[in-house]
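Visitor: build me a model from this:
(2 chains)
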2 protein chains.
Amino acid sequence: MYESFSYRSNKNLIGQQNKINSLLTPALVLDLDILEKNISVMSDFAKKSGVKLRPHAKTHKCVEIAQQQISAGAIGVCCATIGEAVVMVDNGIAGVLITSPVISDQKISELVRLQSIGGKVIVAVDNLNNLKNLNKVMGEADQELDVIIDVDVGLKRTGVDGVEAALELAKFIDKCHHLIFAGIQGYAGHLQHIVSHHERNESVKRDLKKLSDTRDRLISVGLKPKIITGGGTGTHLFDVTINLFTELQVGSYAIMDVEYLNVESGKDFWSYSPALTLQSTVVSSNHTGIATIDAGLKSLATDGPVPIIIEGAPDEAKYEFFGDEHGKILLGDTNTQLHPGDIVRLIVPHCDPTINLHNYYHCIRNNTLVDIWSVAARGMY
Amino acid sequence: MYESFSYRSNKNLIGQQNKINSLLTPALVLDLDILEKNISVMSDFAKKSGVKLRPHAKTHKCVEIAQQQISAGAIGVCCATIGEAVVMVDNGIAGVLITSPVISDQKISELVRLQSIGGKVIVAVDNLNNLKNLNKVMGEADQELDVIIDVDVGLKRTGVDGVEAALELAKFIDKCHHLIFAGIQGYAGHLQHIVSHHERNESVKRDLKKLSDTRDRLISVGLKPKIITGGGTGTHLFDVTINLFTELQVGSYAIMDVEYLNVESGKDFWSYSPALTLQSTVVSSNHTGIATIDAGLKSLATDGPVPIIIEGAPDEAKYEFFGDEHGKILLGDTNTQLHPGDIVRLIVPHCDPTINLHNYYHCIRNNTLVDIWSVAARGMY
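Guide: Numbering: from 1, shown residues only, chains lettered A, B, ... in the order given. Prediction:
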């Protein structure tokens, strides 16, 4: 790990009790007790539901968290990009599934390298030319590659459009000497954040029918998919009820964020808590009703809801973005004044792109820094 | 430089003519001819206007670009954070001004280290306690530190509120044995993106009066500021007309982005062009009227306007965010179909936070990759 200024400063705090207020800010703080509980709850859920877990590493981009998920029973991790897969495989993570098409020649060549060092990667495909390229390159390298067919279930981002298109690709794969037909994928990204519990449930039943129809059609021609993958944190309760998935790609559950706190979880079933906060420092407070903290749009994702303040400001205080490096704490009607040096903690907005803005997780237990983990796949495309 | 997968792949393309389409994507592509022209135009403008330039490195976070700006006559660079300053000073960049208060003990200690290796850093201050801390720590280290007083000119983000508050701090600094009163700062961030040329001009004249009043008051008590710093790309034409600034903190001009293309520049005076594009690849195109590219909200800032497509899609095509790793190219009424592997180029939206999402600039001249520069201060807080 490159010893950047913040790492160099913060590592001295490891093991010092009640010193986390001394962390350089803005700093991602990961509560390992909560992280482990989230991982354990999802693991128990999957076991009880008879599905496997291949959690999405695009959320955390962290080797240590991937290791924890696998220790808790996950069969591997998903990656969104070849760059993330490189980081995972090079650090010993097995069972990597790349959930988006790997298109360019250089990226396909890198798959060959990963295979050659034992990283038995699985790759999602939705296009015939891509399959031809993969088969050709794997042939030249005298390798075999597991591929799954990505089936669009309504998002229209990636995936083949319809059952017959999937069947055509599956038949082609079956004839390729260097590709193995491993299964199908249907990721319902458009359903994950539907607030209503009932509506999300109904949407899963409706939209995932495209994937189960594809499965049935493939079985009817003797091409039974071994892997049927998809699902997410927002829909996992329903994903397991439709007699479809062999494994789930849940990602955010381990970390949680404001976005998922806004989704109706169905209190009896869902018990994931925010494991990640952003610790920030008040840097200026010369203006009535406002304090300025050192956490802005370069340390918090701006695509989703605003962060929620959970410590360091009055209950009625609200966060607003205040430029690249700063956030505005609106203190409301209170007379409470914040002062430079005061610590303010935030629940992060959308966790994936927030984590991608940072180099490190500062891992705590009981208010004590116990480790610093690298966001090793940050910016790895 | 850590040899990440993308760097390892792309460095082989350096010097190969017309091979930039082979870059791993998403990739920031920096046209050095345009960059140098932008730097030169601003440099000439400053010389003609009788002001110095201390360009803001928070925009580019890049040692090589800072070096180019200094070679073209800049007296140093501004940094928003101590972490950025560390990267600049450790890489030999002189004349660093940190434009936000440096608050915590550990960050102040790092100032001592930077001073001890010859980095004569200047720090913005807006708070008495912060001044006391700085003076104490500098005293313990037997050092002197140049400080400037940050004066709020309407943004209310940092800065003292009013002339008398500034005077109080200046008098205090003057008594501190280890602090040198170097000047004042007034950054009008709220004015930079006012679209109307006329309104921006009027706003500069109105709001910067707070800073000139502060200057006059300080002069009246014998505390003449040597440095009067502020200004930005959006207002620089007007910043030099109010007989105030000794130096400008312009940042975006070197790179440019969609946000600044939307601002009325006054065609006769402003000739900065977008030097930075994002090269992306179509990864899926199974759905009518849509192509999916590999550039989403983890590679393009989401706080400003959407990126503009400048190559690889029909004129009427539009970009929409399509999740963490993907963008949607809306092809409109055209029958043109894009295919996986096709290259699409985008002008980046807000340049600062877009650059902060990447590890590298891929530097080109005449469509040929000539160098790869590190976004070395990325994520350095």
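Visitor: neighbouring contacts of stretch A:237-250?
Guide: For stretch A:237-250, the external contacting residues (C-beta atoms under 8 Å, 6 or more residues apart in numbering or on different chains) are A:42, A:45-46, A:49-56, A:75, A:78, A:97, A:99, A:183, A:187, A:200-201, A:204-205, A:208, A:211-212, A:215, A:226-233, A:236, A:266, A:269-270. No exception for glycine: its C-beta is placed from N, CA and C like everyone else's.
Visitor: kindly recompute the last result at 7 Å.
Guide: Here stretch A:237-250 makes contact (C-beta atoms under 7 Å, 6 or more residues apart in numbering or on different chains) with A:42, A:46, A:49, A:51-56, A:75, A:78, A:99, A:187, A:200-201, A:204-205, A:208, A:211-212, A:215, A:227-233, A:236, A:266, A:269-270.
Visitor: now stretch A:144-154
Guide: Surrounding stretch A:144-154, the residues in contact under the criterion C-beta under 7 Å, 6+ apart are A:111, A:115, A:122-126, A:134, A:138, A:158-161, A:166, A:169-170, A:173, A:178-186, A:188, A:190, A:207-208, A:210-211, A:214, A:227, A:229, B:286.
Visitor: restricted to buried residues, select those in ChimeraX.
Guide: In ChimeraX, the members of the contacts of stretch A:144-154 classed as buried (16 or more other C-beta atoms under 10 Å in any protein chain shown) are selected with the following command:
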select /A:111,115,122,123,124,125,126,134,138,158,159,160,166,169,170,173,178,179,180,181,182,183,184,185,186,188,207,208,210,211,214,227,229 /B:286
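Visitor: contacting residues for A:Q115?
Guide: If a contact means C-beta under 7 Å, 6+ apart, then A:Q115 has A:121, A:143, A:145 as its contacts.
Visitor: may I see the buried residues of the helix or strand that contains it?
Guide: Assignment of secondary structure by DSSP states H and E places A:Q115 within helix A:105-116. Buried positions in helix A:105-116, judged by neighbour count with 16+ other C-beta under 10 Å: A:106-108, A:110-111, A:114-115.
Visitor: how about the CA coordinates for the helix or strand A:D146 falls within, as CSV?
Guide: Following DSSP H and E, one finds A:D146 within strand A:145-150. Extracted in CSV, the C-alpha atoms of strand A:145-150 (Å, rounded to 0.1, in the frame of the first residue of the first chain):
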residue,chain,number,x,y,z
LEU,A,145,-13.8,-19.8,-20.4
ASP,A,146,-17.2,-20.0,-18.6
VAL,A,147,-19.7,-17.6,-20.0
ILE,A,148,-23.2,-16.7,-18.9
ILE,A,149,-25.8,-15.1,-21.1
ASP,A,150,-27.0,-11.7,-19.8
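Visitor: can you check what angle separates it from helix A:105-116?
Guide: Between the axis of strand A:145-150 and that of helix A:105-116 there is an angle of 120 degrees, by axes from the mean of the first three to the mean of the last three C-alpha atoms, to 10 degrees.
Visitor: whichever helix or strand comes after strand A:145-150 packs against which elements?
Guide: Remark: after strand A:145-150, the chain's next helix or strand is helix A:163-175, criterion DSSP H and E. Judged by 3 or more C-beta pairs under 7 Å, 6 or more residues apart in numbering or on different chains; DSSP states H and E, helix A:163-175 is in contact with helix A:128-140, strand A:145-150, strand A:179-186, helix A:209-220.
Visitor: okay, now the sheet partners of the second one, with direction.
Guide: Just to be clear, that refers to strand A:145-150. Strands adjacent to strand A:145-150 in the sheet, as given by DSSP bridges, are strand A:122-125 (parallel), strand A:179-186 (parallel).
Visitor: dump these to TSV, plus distance to B:F5.
Guide: Putting those into TSV (distance: least, C-beta to C-beta, whole Å) gives the following:
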stretch	distance to B:F5
strand A:122-125	16
strand A:179-186	23
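Visitor: and the gap between A:Q16 and chain B?
Guide: As judged by C-beta to the nearest C-beta, to the nearest Å, A:Q16 and chain B stand 13 Å apart.
Visitor: apologies, that question was intended for A:P314.
Guide: Between A:P314 and chain B the distance, using C-beta to the nearest C-beta, works out to 19 Å.
Visitor: give me the pLDDT for that residue.
Guide: Here the pLDDT value assigned to A:P314 is 93.
Visitor: wait, it touches A:I329, no?
Guide: No: because the distance of 9.2 Å does not satisfy C-beta atoms under 7 Å, A:P314 is recorded as not touching A:I329.
Visitor: higher neighbour count, those two?
Guide: For A:P314 against A:I329, the residue with the higher neighbour count under other C-beta atoms under 10 Å in any protein chain shown is A:I329, and the figures read 27 against 14.
Visitor: got a list of what A:T81 touches?
Guide: Residues touching A:T81, when contacts are defined by C-beta under 7 Å, 6+ apart, comprise A:100, A:380-381, B:325.
Visitor: hang on, the earlier thing: between the buried residues of helix A:105-116, which is closest to chain B?
Guide: Proximity to chain B was ranked across the buried residues of helix A:105-116 by C-beta to the nearest C-beta; first place goes to A:Q106, at 4.8 Å.
Visitor: what sits against the closest one?
Guide: Contacts for A:Q106 were tallied using C-beta under 7 Å, 6+ apart; they are B:9, B:22, B:24.
Visitor: now A:I173
Guide: Here A:I173 is in contact with A:131, A:147, A:179, A:181 (C-beta under 7 Å, 6+ apart).
Visitor: quick one: A:I173 and chain B, what's the gap?
Guide: From A:I173 over to chain B the distance is 16 Å, taken as C-beta to the nearest C-beta.
Visitor: check what pLDDT that residue gets.
Guide: pLDDT, A:I173: 98.
Visitor: and it, how far is that from A:I98?
Guide: Summarising the geometry, the distance separating A:I173 from A:I98, computed by C-beta to C-beta, to the nearest Å, is 16 Å.
Visitor: equivalent analysis for A:A377, please.
Guide: Counting by C-beta to C-beta, the gap from A:A377 to A:I98 is 12 Å.
Visitor: also A:I329?
Guide: Here A:I329 is placed at a distance of 40 Å from A:I98 (C-beta to C-beta).
Visitor: likewise for A:D31?
Guide: For A:D31, the distance to A:I98 under the criterion C-beta to C-beta works out to 30 Å.
Visitor: now swap in A:D342 and tell me
Guide: Summarising the geometry, the distance separating A:D342 from A:I98, computed by C-beta to C-beta, is 44 Å.
Visitor: find the nearest non-adjacent residue to A:A301, please.
Guide: What sits nearest to A:A301 in space, not counting adjacent residues and going by C-beta to C-beta, 6 or more residues apart in numbering or on different chains, is A:P353, at 3.8 Å.
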